[in-house]
Each structure stands twice: as structure tokens, then as C-alpha cells.
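K.L.:
Any chance you could fold what I've pasted below:
(chains A, B, C and D)
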Amino acid sequence: MRQNIISAIVDLNEPDEALRPLTSNRPVGTLPFAGRYRLIDFPLSAISNAGIRDVAMFLPKSGRSVQDHIRSGNSWNLDTITGGIFTFPYVAEKDYSDPVNRKRYYDDYLTFLRKSDSRYTIVIGAGNVENINIEEVLQFHVDGNNPITVLYKRQDPKTITPDEAALNISEAGDVTAILKAKEVTPDAVNHMLPMNMGVYLMRTSLFIELMQNASEQDTYASLQQILSEAVEVYNANAYEYTGFYSKIDTVKRYFDANMAMLDEANYQALLFSQRQIFTKNKNEIPTFFAKSSIVNTTLLGTGSHIEGRVDNSVIFRSVKIDRGAEVANSVIMQNCKIGPGSHVKYAILDKGVVIGAGLKIEGTPEQPIIFAKGASVLHEADIDKGVQR
Amino acid sequence: MRQNIISAIVDLNEPDEALRPLTSNRPVGTLPFAGRYRLIDFPLSAISNAGIRDVAMFLPKSGRSVQDHIRSGNSWNLDTITGGIFTFPYVAEKDYSDPVNRKRYYDDYLTFLRKSDSRYTIVIGAGNVENINIEEVLQFHVDGNNPITVLYKRQDPKTITPDEAALNISEAGDVTAILKAKEVTPDAVNHMLPMNMGVYLMRTSLFIELMQNASEQDTYASLQQILSEAVEVYNANAYEYTGFYSKIDTVKRYFDANMAMLDEANYQALLFSQRQIFTKNKNEIPTFFAKSSIVNTTLLGTGSHIEGRVDNSVIFRSVKIDRGAEVANSVIMQNCKIGPGSHVKYAILDKGVVIGAGLKIEGTPEQPIIFAKGASVLHEADIDKGVQR
Amino acid sequence: MLAMILAGGQGSRLGKLTKSTAKPAVPFGGRYRIIDFALSNCFNSGVNTVGVVTQYQPLELNAHIQNGASWGLDEKNAGVTVLQPFASREGEKWFEGTAHAIYQNMDYIDLYSPKYVLILSGDHIYKMDYEAMFNYHKAKKASLTVGVLPVSMAEAPRFGIMNTDETERIIEFEEKPKQPKSNLASMGIYIFNWPTLKKYLIDSYATDMKMEDFGKDVIPAYLAHNEPTYAYAFHGYWKDVGTIQSLWQANMEFLEPNNELNIGDKEWRVYSRNDALPPMYITKSARVNNAMVVDGCYVAGDIEHSILSQNVKVGAGSVIRDSMIMPNAVIGKNVTIDHAIVGERAIIGDGANVVGTEDDIAVVGYQEVLGKAVDKG
Amino acid sequence: MLAMILAGGQGSRLGKLTKSTAKPAVPFGGRYRIIDFALSNCFNSGVNTVGVVTQYQPLELNAHIQNGASWGLDEKNAGVTVLQPFASREGEKWFEGTAHAIYQNMDYIDLYSPKYVLILSGDHIYKMDYEAMFNYHKAKKASLTVGVLPVSMAEAPRFGIMNTDETERIIEFEEKPKQPKSNLASMGIYIFNWPTLKKYLIDSYATDMKMEDFGKDVIPAYLAHNEPTYAYAFHGYWKDVGTIQSLWQANMEFLEPNNELNIGDKEWRVYSRNDALPPMYITKSARVNNAMVVDGCYVAGDIEHSILSQNVKVGAGSVIRDSMIMPNAVIGKNVTIDHAIVGERAIIGDGANVVGTEDDIAVVGYQEVLGKAVDKG
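P.N.:
Predicted coordinates for the structure are as follows:
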């Protein structure tokens, strides 16, 4: 019979400082990506494709954008008669020296874990671009020796910072600890590091036990800390994820991940896999390419109107690029307008940015120039509204 | 063409002190009523029946029960491709001497009013039992002379408290002010008072103007204050509502309104009117009346199992009343269990209350005894958990 | 695995009750319609794609099923599709029998390229885990698995009987054998390897050896061709409600507090489409015993060992005994209803009597009006 | 007011394109299917109950319409119902003509007890406010209002022409008159007072004077019986896309930036059912001009004055000119497509040519494979 084999926990409260101003009014999870997605589409699609119907979602402070996007959850088959999305509102009081707040923190998890009545639970972040086969992870877990399974991606040490979390994997292949990257030695052959993806799978009963124990302590430990400690105590199975992966925690990584989608291999592998990426449907007209348009190596959403030139860019829905305008190496979100003759290069324009006529906006590959949501750049002087970081 | 003629604002932040403990973990709007409804079903059904598809909902602190009940809004046709329910999260910071909080207060309304793009807006409470024909109110407004329409119900002064809001109606029939009941003279013939129902209809453009003006002041005024002042400035059309009405602001009124539904005329008029009351559907088995059961003058939801005796009561879904148990003049919410031989009279049992065997629970018509959600009353001593107020 | 529910029959043995509606849409147990059981079994068994084949008076069935959301059958790339007759360039596609109905709807099945097809009947009351049967099918490496119900040898001559060897492989099929060799009665539930079945069907229609019926044509052909065909025994409550008598009987059994169907089991819920109706109201003058009543009902009379469906009204002084009343029926004052089934929206005037016996259940048809008209209020 | 969309025809003038699908399900304008226009008009006009009458190859149409939610037509006690042929105790209910289709589905209409019925055709591209027509119908106290399109007198002989008096009352109807007296062409859009129409239909079938068709039978009868029948003139873009030529033409007109249909108008949106497909990808080698492209497309070739529907792949070196490509078609490398319509899921192998002319549009059928197979990736 159809059992609740596995349920999922998605926490949208992820660090977003290094992504501002893109995250000033939205969490990392609802950052627009690749012309029509939001980052949270990736974990939710993985969840949906694995047949999971019970999902706990911890809302961030700016919950509006999440609720606008998720609505009833039907785009991900999460509006079923059993299960569904169980949202936990944002908790402003984060002073966990207060035992009341501490208790509430653990109780939220325990409430969901007990209510879901599933055998396993997976914890998955909302801020990564990835396409995980959770059914395969589950099978790997069941076949493994340890009570927890952790996902990792082999990455080039040059692409990461020394403090990011990596796995310490024993010779037998078990994860014995979660350490900082600088504390882990790259593998001898490829010189790659097994980076922690922050995705954990375990029996729900163990999860309940962990949270229960934590709630009885006098000091606060976050979920990530609890899981990290549990890995040290119990050891974990190390599941290697080999697909496209990008952890979106800085503007640079956000920009690069979008640009990476312009590589046809990545585009096909991530977006046309057997495991479809679902997202909220929008009713849009076709994108119109005028007689004067020149568009190359570009992803576009629908509803756009292109008269100018676009190269190596990601263009979201309902963007208007006027005659003589040139956009290159940029991410242009929904409802932006680029006026006639303007040049935009190495830029990220958040939703609804309007660039007037004859302006020149230029960032660098290392520091793309960002214009915040709704910014109006009509004159030379307005270009100062752009930030580079 | 299908225009956004009218949109609605429902604020779930209503005073609930006099309803505790029933409102300890839920707003007034999600109080269970009449065996299968929540109070908010009444305004939402009125909204739905009028074809309104744009609704702003201001969530209370305990928003979970609201979201669990409303979900996508499809039970009220509010999950449409245009419009839908626009929720505003609870705002904890209510110190309106702080201009930031004050601005936010007005901005929330203004955001919705501008976005809805409808010609008229109706403000309606979530804590009344009523079945309003909004289309008729709109027609009345359009035909009226004043820019605002206020709804009232004629009530016997004996049934109200002196500080409740009443309308001051001029000889010409216009509302010139909203006053305290004690400041208004009952009509000469029937000695009834025109009590303010807190439902206002006006042009959206006027509403925007009112909120805009308020936001420019240095002091804070609540929506109700702003509307009340506007009535004094502009005068209002007085629409008399003649259907069943109960303002649920005390335990006694809550109890009496439930009991009033046992009067067949009220039951038929409120619940079987042309304007259907919609609510969230639950998949439940039929209610089973055992050979030993005696049930009279009682409303019941489905999924219950009755072996004992029930008189003059409102029984919600999935209640179990054991053999020999007797329930009279009580409100028994979902998932309660009454043990064999126990007597329950003039009581309100919140969801999931369990009464053991052979116990006697008795309140009075004026002060029904209340057991809070999930209370376990297995022994004599546990009866003290009940509160009367 | 994709399921096809054959919901097409006229159900003429249900007489008046199926004059204007398809049998699977007939109400059952106060809050259900017959097809709810097969649809809920599908959801509970993890079958999320279901075709419902119907050609007889489908309005009510369509309105009931809608997009399948009530049974959780509305997922993306899956869901419920109601399949009615249609025209193609080759001509009109009408359904002449169980197997023919599948043949005519091959295009629908192929949309999902299933390896297996589960064939169900839309008019049985039961709870069955099709996934367990499916696992059996795969373990046996079967080409066809037939769901069978062990019946008493005395009853066996009324059924299609499967004779099996010691591996549960079916070696012989006998339709209503006078001298049954086994007690395994076919339930009309099949799991087929779809490519194989499709080939058999196409070949049969290409050669004019038309396979119209699973029992008469397909199973014999499978046995003749030595296709591995196994019997999967189901143990539990199962009832064909194809006659007035059996429909009444099943409703009365449903009333038994400990009946084997166990409708209250939260691990295997039976879903249905429900309107949001007001709570039921039991008046001062009512007596309700040994009965099931649901929302929207108004009861002023005596209800004894009976089932009232949604929105049924019973006036004061009326007695309803050993009966099943379908949705929206209005029963006036001082009416006696005994051993009866009252159809949807029927109106029984004040003082009228509808009295049957255990062997001859009285029936009032849908929308039938008996006696003088009553106030509908 | 309830609307009935007659979506039943074989659409044989669309040739290969409607071999396996109903005409209203044929893709249009990159992101739409023909019926989207009528369904969106209904929603935008406040008509929330719609019956779609169909009997020809309905699978794709059903899958497209589902529960009507994509067009906002999924409200309680309303919604979209697809009405296919069915059997009743009186026999099989097939639809022999426009009026007969309504006659056969009277039970459905009566479920909603409407005072008025709006009859629409499912194969026209237009935006029309039926509420304005409805207000006209009520203002005229009409029994029947016929939607008419003023055409040029030269074109008039191709249409059914309504001759009116100075009050816009129809006094004569001429089917394809050689010498037209007026230029008001019937659009096949009618508002009827339902009780009256129902009586005419029932009487006609009772007396064997069967009214099968609105144009041929019903309108003449209404005129003969002096029923107040008025013409409501529609002004705006309107196109019957019943032939290959007109379908191609309408798509090309759709491409015009200032075309009268104004698809981008946010006050009158045209809705459709869409899957969540990846964004379109325009490669380094592509040239796209004067074209419409939608999500899921992969374009490595040259697209000139053409429309690509969802999930179309175009290989490098290929040229598509003055053409319309339907969803999921795969076009290989170095292909030339000119003045053509390519059907859904068609596969055009590397180097193949599909070249028509303005007067003779080339057509590739659904799932047709041309040239050597290409890599679907």
C-alpha cells in the first residue's frame, strides 16, 4: 500500500548577506534562476519526483515571495488529499538563551516529524541548484551501514572557500565528521574535496530522538549543528552526487550558476533530465524576436519582446529590449526594460528594472553590477544606483 | 467583460480576550461553529457568493489554524487564475508611535487596494455569524447618496453592552456618526438600536485616499477609527441587514449563537439559504447512531459515533459518546470523547477533549464550563481544569 | 502501472435505479458512490493513472469524478480520464465488451507507455491492495494475473471458476461450472503485461477473431497459448452490488458495527467527492437507532436500521426501517418505508407507504414522486 | 448563462492535422490551441459554466481542457464538462448536427436550469465579449440573437447571410446567397432563451421534423414562427481556421506586431494549459527574426517569419521560413522548411526539405517522420 515512506524538511532561512541586494526582500530560496525558475524549485522538484507528499517548510522573514510562488503547492503535486506542505511561520524571536524560544525551535520539528508518520526524513536546503534523485539516495541509505546518509559533491578546492563544510570520509567510505574544507585533505588522484551539500537522510525515529535530546539540553544547537554532531557520533553513509551543482551563497556564485546554464551540456543535463524541474506556471504570450533582433547563446523566458542584440545572457519573462540596445553576459529578470541604444554588460537586473535610452551599464565577470528590484535608471547619474560587490 | 467590480478585506486580528481559552491558540475567525463551520466561513462565503475573487486577509498571530483551514482557498472559489487570497502576515511590532510600523500598517492596505484594481472595496469582519448578500449591498450603495455604506442590525438594547458601536442615523436615513450604544436613542416604535456590524463598502479610490491621508498624519489611527471618522466627515448610507446575526466576542455569545442554531428557523435561514455557506471539505464516514442512542434537537457533523444520549447540543465531527453518557445543552467539538455514564451539561468542550467514565461536568446557561483543546478529564479532580467565565 | 476501470454497463438488473445513471455512480453507504471503492483502492495502492471507461448515462459519473482530486488522483502526468465513445476516421468507436473497451481505448493507454495494465470493475464494494497483487504478478513472472475470491463450493456454480495447479498457475477456466473443480471465483480483476495484451487484441481484430470479453475470449486464448496465467487470491470483504437485492444487502451489512469492510480504518480510507453541506439536524421528535446519517440531513421521524444519504429530509411521524435512502430524497410526514431503496431526489408524499420484504426490496426510482407532493423545504 | 461549445467536427479540411485529434485541439500561435480563444472569451465574459460537445478523437482535447482550471472555469457548481456520445435506455446518443448535439445534451443543460444558452463554435480565433451580446439580447427582448460579422459584399456569397430590418431584427436568412442583400455573415454564435429552444427541439424530434442544424433548421423555423430574432454585429479580428490555408494565414497574421487580435492585451487575456518547460535556448549559431518562440524550444538554425510552439528543436544549418511548427516537433540539421505547417511530434530528418507556396502550404502530419531519423536529444 501507499505508505508515507519518506517526508522532507525544507528550511528557507538561509544566510543571505552575501547575496544582497538580491535578497533584500526575498530569501535565497526564491531567487529567480535560469530564465524561469526559483531556486526552491530544485528541492521541491526532487521531492515531487520521489513521490514525497509530506513537506515541512520553514518560512523566512520575507515569506510573501515564498507563498506567492508555492501557493497550494499543486505545481509540485504537493496539494494532495493526504500530506501536503506544512508551513512554519517565521520566528522573529531568535534569542535562544530564552528557553521558551528554544523549546519552540525543537517543537516545530518534532510536531512535523511526529505528524508525518513516515519512516524516513530528508533535510534539504532551498538555496542550491541541483537535481537529486531522492529515491536513489533512499536506496543507498537502506543499503548502507550507518543510520544517517549525507550527500556530497566533489569540488575543486580552488572553487571553494576554506571555511565551507566538507566531509571527512574514512578509508572504509564512512563519513566520520563534518569539518571545514581547510581541515580535509583533497583526494590524492583528482585533488578534489568532498563538499557537504547539507542534505541528510535518516530514519524519522532517529531524527525525533536527536531533536528530543537537543531539546533537553540547556544550550541551543541549530539543526545543522545537531546533524553534524550526530554524524560524529553515529558516522554516516557518504552519497556522492555527480550532477550539476551550485551552492548559491554569493552574488558571484549566483551569477556564475546562471552563466553555466548557457553551456548546452549543463542546460540539457539539469533542465531536460528524466526528473523534470517543476515550477509555477505563468500564462504568457510567446517571446517575439523582431526583424532587427540578434540573439545568441541565450536563455529566454516567454512574453519577452526583443528588438536589440543579446549575447550570452539569461533573460526572464516579459523583458523588453529596445532597438539598438545590447545586452551581454547578463542576467535580466522579469519585467525589465532596456531602452534604445543602451548597453548592458556583466550586469544583474532584478525584477522590473528600467534602463533608459543610450546608457552604458557595465560590471565585470568577477563583480557584476547589480540593480535592485524596480530600480529606475533613466539618466547617467542613476547608474550609481548599481552596486558591485 | 468580467471586471474586478469589488474586492474584500478581511482582518483576522479581532479582540479575543473574552473568548479565552477558546481563542488561546486560534483567532476568533477560526472558532468552530454549528457542528462543521469556522466563523470565517461566513464572510468568505458571502464574498464567494458575490463573485468576489480578490481578497486581502490579514493574518493573526496564530496563523496556522487559518492557513490549515483556508489552504488554497478553493473551497470558496478563491484559488482562481486571476485574483485570489492575498495574505498579510501577522505584524508583531504594534508600537505605532514608531513611524516605521505606522507606515507599514497603512502600506499593507494601500498595496492591496492598488493591486486589486477594483472599483469598490468591502471591509468585513471574521468573527460574526451572518449571511450577507454583498451584491445587494453594492446595489444599495450605488443607489445611495453617500460615498460610504455601513451595515447595521437592529438589536434589542437588553442584548448589548453600552459601549458597543451603534449608528447615529439622521431623519433622512443617513449615518452621521458611529457612537457608543449608550449614546444612541432606540427607535420609538420597537425600542431597538441600529448596531454597527463593522462592515463598510466604498469606492476603492476613496479608501485609498483615506489611508493615504492617515499615513501622512503624525499619530496612529486604526482602520476602524479611520472609517468611523470618515463616516462623520462624509456621512454614510445605512444598510439594514435583517438575517441571522451574532457578533461572537464573548464566551456567552459564542455559546448562545451555537444554541440558536438548534432553533429550526435559524438553522434553515442561515445554513440552507440560496447563498450557500462554504467550508473546507473533510472526508468523513457517516455518523453512526447505535441501538442504544437517544438524540434530540441536536446538530451533528459526520464521523461521530453515538451510543449515549444527546439533547439540545451541537456535536462536531468524529465525536464519540459512549453508552450511558448524557450530553445536554453543550457544544462538543471535533474528536472529543465522552466516557460511559458521564454527564455533560452546559459545557463547551474544545477539540479533542476526553472525558472519562462516570464523571459529571456541569456549567450554567450563563456560564458554560469550558475545557481547553485536548484536555484530559479522567478523574474527579480533573474537572477543575474547566473554566467558567 | 495504469488502471482501467470498466464502468460501462447499463446495470439493467438495478432496474429503475440505473435508468438515468451509470451503475458506478449509484450511491452507497450514505456518503459514497460505488466507484469510490475502486478509485480509493487505486490511490491507496499507489496507482496514480486511471482511465474510467464508460458509455452509459455518464453525466452523474463525470460530475462525481471531475478531475479525480477527491481521490488524490490529480497528479501531473497522471490523473483520472473518463473515456467515452468517440468517432475517428475509421468510424465510431463504441464499446462492445470488456476486452473490446480496452481495444478501443488503446491510444489512451499508450499515452503512458505502461508495462502493466490493471483492469478493474467499477461496481464492487471492497478494499484491495492492488500493489500486493502487482508484486505477486512480478514474482510469478506472469503474463496475466487474475484476482480470485475463494467462495464456498456451493456458491461456485454461480461464478467463473479458475482451476489452478500447485503453483497457482491457472490451467483451466470454467464459466459457471455445474460441477466446479475449485472454489476460486474470478473477481474481474486482471493485471496484464500491456504489450502482450495489446498484441493479442490487435491480432484478434485484424483476423476477425474479435476478443470482446476478457472471460469469454481473452482468458481462454491466454490459456490456449500457454501464456503464464496465475490466480491471486483475495481475502476480505467483497460484494458485487449488481442487483437490487445485493445492493440492499451490502448497505445493510455496511450498517453492522463490526462489518468486515471496516470503513473507519484510517490506514485505508475510502474517499468520495463531497459538497459542503450543513450539519445534520435531529429534531425533538426524532428517534434514530442503529442507523447512519450524514450531513445535510433533517430528521424528524424514526430511523431504524437504515442509512440516510446526504441532504435527505424525513418528516415527523415517518418511520424508515431496514432501508437505504439516496441523496436529496424528500420524505414527507407519516410515511412508512420498510425494506426499501429510495432513489436520488425522489419525493415521497405525506402518508405514503413504501414497503418491501427481505426477499423483494421495494424501490423508488430517481426523482420519482410518490403520493401527494410535499413541501420540499 | 451557460455556454455550449460545439467542438465536434472531424475538421477534414485540415487534412493530416486532424487525423488523430479534434480540430479545437489544434495548436495555434505557438502557445495556444484553437479552443483557448472560446474558453478564454467565456471566462473574460463572466460565463463560468461551459459544456464542450465533442465526438471526434477527443483524447488530446480532454487532456488539454482537464477541469477547466487553466481558464478559470473550475468554480463550484459551475465548470467545464466535456460531453461525448453515450448510451441511454433509449439507445445510443450520437450527435448528427449542431442543433442535434444540443438536443442530445439537454440533460446536461438542465442540470443548471439556465434561462439562456450561449452556443459557440470551438474553431474560431477571436476575442469577443459575450456579456455585451447578452446585454443586447436582453435589451432587445430577443428569443434568439445571432452573432454576425460585417464582411465585404464580395465575400458575402461565401457565408450564411442575415438580412435585417432597421431594428436589427432578422427578417431573412440566406445560406451562401448569390446576390446577397446584406453583408452580415453568421458567426455560428447564438444566444437562445433556453426554455424556448428546448421546446422547439423536443417538438421537432417528437414529430420527426428533426432540427439537426442551427443554420439549416432552427433559424428558419424561428423566422417562420416569428420568434424575435436579432443580429448582433461583432467588430474585431475574427478568423475561421477550418482549412490548412486559413490556419496558416491566421498564424502569419498572429506574427504581425500590430495585428488586430492584440494577444498581449492584459485586459482580455487568452489563457491556455501549459506545462512547466525549461526556458528556450537560442544557440550561438542561431538567427531568429520576425518570429515567435516559446518555452522548451532549442534553436540552432535560422528562423524567419515563423512560429515555433513548445518544445520544438531546430538543428544547426536549418532554415525555417514563413512556417508554423507545432509542439514537440524535432527538426534536424540543414533542413529547409518554407511555407509549411509541421504537426505535433513530427520528426524531420537532417537535410530534408518541406517547401510549400503561399497558395499551397506544405503539411507534415502529427508524428510523421520525414527523411532519415534524427537524434531526438
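K.L.:
make it CA atoms for all contacts and neighbour counts henceforth
P.N.:
OK.
K.L.:
Would you state the helices of the chain in chain order?
P.N.:
If you meant another chain, say so; for now it's chain A. A:41-49, A:63-70, A:99-116, A:134-143, A:204-215, A:223-234, A:251-260, A:264-271 (DSSP state H).
K.L.:
not what I meant, chain C
P.N.:
C:35-44, C:59-65, C:98-104, C:106-110, C:130-139, C:194-206, C:219-224, C:244-255.
K.L.:
Check whether the shortest one comes into contact with chain D.
P.N.:
Read that as helix C:106-110. Yes. Counting by CA under 8 Å from any CA of the partner chain, chain D is contacted by helix C:106-110 at C:Tyr108.
K.L.:
how far is that helix from where the chain is centred?
P.N.:
23 Å (CA atoms, centre = their mean, to the nearest Å).
K.L.:
Give me the mean pLDDT for that helix.
P.N.:
Mean per-residue pLDDT for helix C:106-110: 96.
K.L.:
The second one now?
P.N.:
Taken as a whole, helix C:59-65 has a mean pLDDT of 92.
K.L.:
tell me which residues in that helix are buried?
P.N.:
C:Leu59, C:Glu60, C:Leu61, C:Asn62, C:His64, C:Ile65 (16 or more other CA atoms under 10 Å in any protein chain shown).
K.L.:
Could you tell me the phi and psi values at residue 20?
P.N.:
Since you didn't name a chain, this refers to chain A. phi -70, psi 150 (degrees, to the nearest 10).
K.L.:
hm, I was asking about chain C
P.N.:
phi -120, psi 20.
K.L.:
Kindly identify which of the buried residues of helix C:59-65 also come near chain D.
P.N.:
C:Leu59.
K.L.:
and the buried residues of helix C:59-65 as JSON lines, adding distance to A:Ser62?
P.N.:
Shown next, in JSON lines, are the buried residues of helix C:59-65 (distance: CA to CA, whole Å):
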{"residue": "C:Leu59", "distance to A:Ser62": "46"}
{"residue": "C:Glu60", "distance to A:Ser62": "46"}
{"residue": "C:Leu61", "distance to A:Ser62": "45"}
{"residue": "C:Asn62", "distance to A:Ser62": "42"}
{"residue": "C:His64", "distance to A:Ser62": "40"}
{"residue": "C:Ile65", "distance to A:Ser62": "39"}
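K.L.:
ok, and which of the helices of chain C has the densest surroundings?
P.N.:
Most buried of the helices of chain C, by mean neighbour count (mean count of other CA atoms under 10 Å in any protein chain shown): helix C:35-44, with a mean of 26.
K.L.:
re the thing from before, among the helices of chain C, which is nearest D:Ala224?
P.N.:
helix C:59-65 (34.5 Å; CA to CA).
K.L.:
check contacts around the residue lying farthest from the centre of chain A.
P.N.:
Within chain A, A:Lys291 marks the point farthest from the mean C-alpha position, 37.0 Å out by CA atoms, centre = their mean. A:Lys291 sits next to A:Glu307, D:Asn289, D:Asn290, D:Ala291 when contact means CA atoms under 8 Å, 6 or more residues apart in numbering or on different chains.
K.L.:
can we see that at 10 Å?
P.N.:
A:Lys291 is in contact with A:Ile306, A:Glu307, A:Gly308, D:Val288, D:Asn289, D:Asn290, D:Ala291, D:Glu304, D:His305, counting by CA atoms under 10 Å, 6 or more residues apart in numbering or on different chains.
K.L.:
CSV for the residues you listed, including neighbour count?
P.N.:
Conversion of the contacts of A:Lys291 to CSV gives the following (neighbours: other CA atoms under 10 Å in any protein chain shown):
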residue, neighbour count
A:Ile306, 26
A:Glu307, 24
A:Gly308, 26
D:Val288, 27
D:Asn289, 22
D:Asn290, 22
D:Ala291, 26
D:Glu304, 21
D:His305, 23
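K.L.:
measure the most centrally placed residue in chain A to B:Thr149 for me?
P.N.:
Nearest residue to the geometric centre of chain A (CA atoms, centre = their mean): A:Gly127, 2.3 Å. Separation of A:Gly127 from B:Thr149 (CA to CA, to the nearest Å) stands at 49 Å.
K.L.:
distance of C:Ala316 from C:Gly343?
P.N.:
On the measure of CA to CA, C:Ala316 and C:Gly343 end up 20 Å apart.
K.L.:
Can you pick out the residue with more neighbours from the two?
P.N.:
Higher neighbour count among C:Ala316 and C:Gly343: C:Gly343, with 24 against 20, using other CA atoms under 10 Å in any protein chain shown.
K.L.:
quick one: contacts for the nearest residue to the more buried one once chain neighbours are set aside?
P.N.:
Nearest non-adjacent residue to C:Gly343, counting by CA to CA, 6 or more residues apart in numbering or on different chains: C:Tyr366, 4.3 Å away. C:Tyr366 sits next to C:16-21, C:326-329, C:342-347 when contact means CA under 10 Å, 6+ apart.
K.L.:
Going by distance to A:Ile248, which of the buried residues of helix C:59-65 wins?
P.N.:
C:Ile65 (43.7 Å).
K.L.:
Pull the contacting residues for the closest one.
P.N.:
So C:Ile65 contacts C:Ala25, C:Ile35, C:Asp36, C:Leu39, C:Val52, C:Trp71, C:Leu73, C:Val80, C:Thr81, C:Val82, C:Ser272, C:Arg273 (CA under 10 Å, 6+ apart).
K.L.:
What of A:Glu366?
P.N.:
Here A:Glu366 is in contact with A:Val251, A:Lys252, A:Arg253, A:Phe255, A:Asp256, A:Tyr346, A:Gln388, A:Arg389 (CA under 10 Å, 6+ apart).
K.L.:
list the contacts for the residue of the stretch 101-250 of chain A found nearest chain D?
P.N.:
Relative to chain D, the nearest point of the stretch 101-250 of chain A is A:Asn131 (13.8 Å; CA to the nearest CA). Contacts for A:Asn131 (CA under 10 Å, 6+ apart) come out as A:41-47, A:241-245, A:269-271, A:273, A:275-277.
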